[in-house]
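Enquirer: The following block contains a protein sequence and its predicted model.
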Amino acid sequence: MSRNVLMLTVTLSILFVSELQATHYNSSWVGGSWGQWETASNWNPAIVPENGADTFSVTIDADGGKVKVELQNSHTINTLACRGNEVVFEGVGLTPVTLTLADPCYAPLTDGGEFGIIGWGLEIFEINGNVMNSSGGLMDFWGGRIEGDLLNPIGGTIETNGKVGIEGNCENAGLIIVAPYHEFEVDQLLNNTGKIRILGGGCSGREILDNNTSGEITGFGLLYGGECLTNNGTIRATGGSITAATGNQLSNHGLISNAAMASLNVMHIALTADVNNNGTIEVNAGGGVAFDCNLVNEPNGVINLLGGTLAATTITQSADANFAGFGGITGDVVIDPNGIIVLTGPTNIVGDVSIQANATLEISDGITLVTGHTTNNGTIHMKGGRLIPQGGITNNGTIIWEPGLYNNIADFNLDGAVNLEDFADFADTWLWQTAWN
């Protein structure tokens, strides 16, 4: 036998023997309510789980109560499954600790129980791999980072009580709760089809934050979509203010609103961008919805002004869009040809108003005060209401006046009828002129 053939035979034999000797272990925690990963007696079999020649799938069962596992060093295993009441991991070494999940497939970390990591700072405790919660499971993050994707299914809950970073994407169909002064930060796509409650913290998709049709984002704090913040579901400020910031574009096809006494503020880093509303903006009393840019209410878009304040640099009402209600408007208002705004009660407009040809501003049963200049090239239709153009008016269009169901501007003494007594009051004001005339 030649020397080369002999060497090849020996090499293959060694590889074959090595494969026979490699073992996959299903390791179970037997270390009680507290112990260190690196202690062999805490495991069954009594081997510290660490992939090498052998591989490990780890199960930690906390049916008897809370289990806390401390890691002094980084480790690599295939998969990790946590069951029962509460399993908590904490890095206790002087250097950052990483638990690597080598199996690229999604496998739930929890089985209807609670899983937590303690990592005071993003680099103290890190999970390297894809992580999935279970339906009915709770993941409680006291800081830490996931170098991979995070999947939270329907029925799953994630709570953040520290700064939590997700290196990949996050798919949320369950519930995410962001505690006060803390952050839930996704480096790529945060896709929400479930619920996100922000309780004074920050929630971000550094590339894209996509709130889908069934998605609900509520609370107060910071909401950020780096390249794009897209809303097809509900974003609602409750209990305080939400600042919804984006580096490029905010697109609304869903509902943006504020609860009573709360406010929602949209901030563009790229100040030249407009917000195009193709959904619904609801502005409730005691608070408001504000944009630090131009707002365009697109065809079929809806703005419901329910006693609150709507603010933008310029608010443009397109043809076939809906804008109705009463309250406060801060910013210039432009009504495009064939567009209409219906104000149904007392309203203050702090800015200029421009009514284009074939456009209509309708005022019913209340006074609309315009602090800026009013330019009418279309129609001002007063139905028992009254326009006060405090900044003056240029009228090149049509002004229509008619009584409303509850008010008539000719009823000077407010007795519910127009008669000679009202005519006498009118005569007393004969030849009156405005300050700007």
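Expert: Cool, got the structure. Numbers count the residues shown, from 1 in each chain.
Enquirer: domains for this structure, by residue range?
Expert: Following automatic domain parsing, the chain resolves into domains at 23-206, 211-293, 324-410.
Enquirer: Any idea how far apart the tips of the second one sit?
Expert: Pointing back at domain 211-293 there. This stretch, domain 211-293, spans 21 Å end to end (Cα to Cα, to the nearest Å).
Enquirer: and that domain, how far out from the chain's middle?
Expert: Relative to the centre of its chain, domain 211-293 is centred 7 Å away, using Cα atoms, centre = their mean, to the nearest Å.
Enquirer: about what we covered before: mind putting the domains of the chain in CSV, mean neighbour count included?
Expert: For every residue, glycine as well, the C-beta is placed using N, CA and C. Listed next are these as CSV, based on neighbours: other Cβ atoms under 10 Å:
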stretch, mean neighbour count
domain 23-206, 19
domain 211-293, 20
domain 324-410, 19
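Enquirer: Same list (the ones you listed) but as JSON lines, adding distance to Ala312 and mean pLDDT.
Expert: What follows is these, written out as JSON lines (distance: least, Cβ to Cβ, whole Å; pLDDT from 0 to 100):
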{"stretch": "domain 23-206", "distance to Ala312": "23", "mean pLDDT": "90"}
{"stretch": "domain 211-293", "distance to Ala312": "4", "mean pLDDT": "93"}
{"stretch": "domain 324-410", "distance to Ala312": "5", "mean pLDDT": "94"}
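Enquirer: I'd like those domains written out as a markdown table, with distance to Asn300 added.
Expert: Formatted as a markdown table, the domains of the chain follow (distance: least, Cβ to Cβ, whole Å):
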| stretch | distance to Asn300 |
| --- | --- |
| domain 23-206 | 24 |
| domain 211-293 | 7 |
| domain 324-410 | 12 |
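Enquirer: Phe426: which of those is closest?
Expert: With respect to Phe426, and counting by Cβ to Cβ, the nearest of these is domain 324-410 at 7.6 Å.
Enquirer: List the residues that contact Gly345.
Expert: Gly345 sits next to 325-327, 364-366 when contact means Cβ atoms under 8 Å, 6 or more residues apart in numbering.
Enquirer: Can you list which of those are found in strands?
Expert: Using DSSP state E to define strands, the subset of these located there is 325-327, 364.
Enquirer: picking up where we left off before, quick one: which of the contacts of Gly345 is nearest Gly239?
Expert: If you rank the contacts of Gly345 by distance to Gly239 using Cβ to Cβ, Gly327 comes first, at 20.6 Å.
Enquirer: didn't that closest one look like it was pressed against Leu306?
Expert: Yes. Between Gly327 and Leu306 there is a contact under Cβ atoms under 8 Å: 6.9 Å.
Enquirer: Need the overlap of contacts for those two.
Expert: With contacts taken as Cβ under 8 Å, 6+ apart, Gly327 and Leu306 have 283, 285 as neighbours in common.
Enquirer: Show me the two of the ones in strands among the contacts of Gly345 that sit farthest apart.
Expert: Of all pairs in those, the most separated under Cβ to Cβ is Gly327 and Ser364 at 14.1 Å.
Enquirer: how about the helices in this structure?
Expert: Under the criterion DSSP state H, the chain contains helices at 3-21, 420-428.
Enquirer: Out of these, point me to the one whose mean pLDDT is lowest.
Expert: Per-stretch mean pLDDT for these is lowest at helix 3-21 (a mean of 46).
Enquirer: Before I go, just wanted to say thanks for your time.
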